[in-house]
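Student: I would like the atomic coordinates for the input below:
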Amino acid sequence: MKKLTILLFAAVLFSGCMMEQPTVKNYRRVLAMDNLTPVTVENLRQIIAADTTHYKVVVLTSSCCGPCMLAMRDVYPRKMAESDSNQVRWYFVEESYSTAQYMDKVFRRHHITSPRYWINDTLPQYRPLMMKNMWQVVWNVIFHYGEGFEELGFAVADNYLNNVVNAIVPQQHFITGPNGTPTTVMLDPQGRIKCTYVIHSDGTTTFEPTDIRNITVPVTDLDYTHIDTLSYAPQVCTPDGKCN
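Tutor: Here you go, the predicted model:
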C-alpha cells in the first residue's frame with residue numbers, strides 16, 4: 001500500500017501544476033521572465049508605503065491554487081468594477097516562484113491587467129522552498145515518506161505568510177491569521193489595514209487581514225478604523241429560541 005501511495009504521489013508530481021516544484025530550474029526560469037517583477041518583502045513594503053493617495057489591495061496568490069483561481073474568476077474583477085480605478089490600486093503577488101510562470105496565462109484568462117510581482121527574498125523568515133531538481137523531490141518523498149518538510153530536504157520558514165503580511169504592513173497588533181493563499185490585504189490611503197478577529201469553530205481566535213471575499217461593499221466604503229468580528233463557532237440555542 002505504501003509503495004502504491006508513493007507511485008501515485010510521484011505521478012501527480014509530474015502532472016499539471018504539481019510539475020512546477022520549487023527547484024533551481026524553475027527559479028531561473030521565472031527570473032528570466034521580463035513580464036514579472038521580482039520583489040523582496042522590503043521592496044514590497046516600500047512600494048505600498050510610497051502610495052499615500054490610493055486605497056490598496058495586495059493579493060498574495062498562487063497560480064496553481066484552486067481557491068485563488070476561483071477568486072480570480074468570481075471575486076477580483078467584480079470588486080475592481082465596484083470602485084474607480086483612480087481610487088484603488090491592486091497589487092498581485094505570487095507567493096512562490098515555482099508557480100509564477102503561470103501568472104500571465106491566468107491574468108489573460110480573467111482579463112486582469114494589474115501589475116504582477118513575485119517574492120524573491122533570501123531572508124530566513126521569508127525563505128522559499130528550494131530543491132536542486134525534480135528528481136531530488138521524488139527521491140526525498142520516496143525515502144523520507146511521512147516525514148516533515150525539513151526531513152524531506154525543503155527549507156521553508158515557519159509562519160511564512162504571517163511574516164510577509166506583518167512585514168509589508170507593520171501594525172500595533174501582530175497579525176496571526178494568514179496560513180494559505182489567497183490572502184488579501186486591504187489598506188486605505190493612510191496605510192491603515194482592514195482587519196478582522198476570526199473566531200474559529202474550535203473556539204480559538206486569530207487576528208487577520210480582512211478577506212476581500214467576505215465583504216459586501218466596495219473597498220472604498222470600508223471603515224478602516226474598525227476591527228470586525230467573524231465567528232464560525234456553532235450557535236447554542238435555548239428552548240425559548242434565544243441563541244448566542
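Student: what residue ranges in the chain score low on pLDDT?
Tutor: 1-20, 128-141, 143-158, 172, 235-236, 238-239, 241, 243-244 (pLDDT under 70).
Student: That one: strands as residue ranges?
Tutor: Listed in chain order, the strands of the chain (DSSP state E) span 37-39, 55-61, 88-94, 116-119, 183-187, 195-199, 205-209, 228-231.
Student: Skipping its backbone neighbours, what lies nearest residue 191 in space?
Tutor: residue 49 (6.6 Å; CB to CB, 6 or more residues apart in numbering). In this view, the C-beta of every residue, glycine as well, is placed from N, C-alpha and C.
Student: how many neighbours does the one you found have?
Tutor: 14 (other CB atoms under 10 Å).
Student: so how far is residue 117 from it?
Tutor: Noted for residue 49: a distance of 15 Å to residue 117, by CB to CB, to the nearest Å.
Student: so the residue nearest to residue 191 makes contact with residue 187?
Tutor: No. Between residue 49 and residue 187 there is no contact under CB atoms under 8 Å: 9.7 Å.
Student: got a markdown table for the strands of the chain, with mean neighbour count and distance to residue 70 too?
Tutor: A markdown table is the format used below for the strands of the chain (neighbours: other CB atoms under 10 Å; distance: least, CB to CB, whole Å):
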| stretch | mean neighbour count | distance to residue 70 |
| --- | --- | --- |
| strand 37-39 | 17 | 25 |
| strand 55-61 | 24 | 11 |
| strand 88-94 | 22 | 15 |
| strand 116-119 | 22 | 18 |
| strand 183-187 | 25 | 13 |
| strand 195-199 | 18 | 20 |
| strand 205-209 | 18 | 19 |
| strand 228-231 | 13 | 19 |
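Student: Reformat those strands as a markdown table; add distance to residue 69.
Tutor: Below are these laid out as a markdown table (distance: least, CB to CB, whole Å):
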| stretch | distance to residue 69 |
| --- | --- |
| strand 37-39 | 21 |
| strand 55-61 | 9 |
| strand 88-94 | 13 |
| strand 116-119 | 15 |
| strand 183-187 | 15 |
| strand 195-199 | 23 |
| strand 205-209 | 20 |
| strand 228-231 | 23 |
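Student: Would you mind telling me which of the ones you listed is nearest residue 175?
Tutor: strand 205-209 (5.7 Å; CB to CB).
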